[in-house]
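Trainee: next one to model:
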Amino acid sequence: MKSDVTSRQFPTNPEEWEAIIAEAPGEDRPPTPEEEAAWSRGVVVKEGGYPAVRAALAEKRRWRGAQKAPRKVSTTLRLPPEVLAYFKATGPGWQTRIGEALKEWIKAHPPA
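Mentor: This next block holds a predicted model:
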């Protein structure tokens, strides 16, 4: 859902405020599922300003934490354009498929 909030002008008179209040969900209109989802991600901070909001949001976020053991190594590899085009054409996961192809090659060609 794309928000149109940035395209609206700030209300300048009481009538505009009343129109906005009338559109807001309340007892006469339950919130839509999109509104419900948006509000469920929010936090309530009564005092403390911006730093308190940042702290509350950081506390709410789920952090995966540090990786216990690196599973892959970042490197730069120069490949012929046709090899890169072939693997990219296979869609998402092409880097993993290159790694699998290299593992198969290693199994077929053990070091002497």
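Trainee: so where is this structure shaky, pLDDT-wise?
Mentor: Confidence mapping of the chain against pLDDT under 70 gives the ranges 1-8, 25, 27.
Trainee: what helices or strands is the helix ranked longest in it leaning on?
Mentor: Ranked by number of residues, the top helix in the chain under DSSP state H is helix 94-108. Using 3 or more C-beta pairs under 8 Å, 6 or more residues apart in numbering; DSSP states H and E, the elements in contact with helix 94-108 are helix 81-89. The way it works is simple: take the backbone N, C-alpha and C, and place the C-beta from them, glycine included.
Trainee: neighbouring contacts of the helix it packs on?
Mentor: If you take C-beta atoms under 8 Å, 6 or more residues apart in numbering as the criterion, helix 81-89 is touched by W94, Q95, R97, I98.
Trainee: swap the cut-off to 10 Å and go again
Mentor: Applying C-beta atoms under 10 Å, 6 or more residues apart in numbering, the contact partners of helix 81-89 are L77, R78, L79, P80, G93, W94, Q95, T96, R97, I98, A101.
Trainee: enumerate the positions of it that are buried.
Mentor: Within helix 81-89, the residues that count as buried by 16 or more other C-beta atoms under 10 Å are F87.
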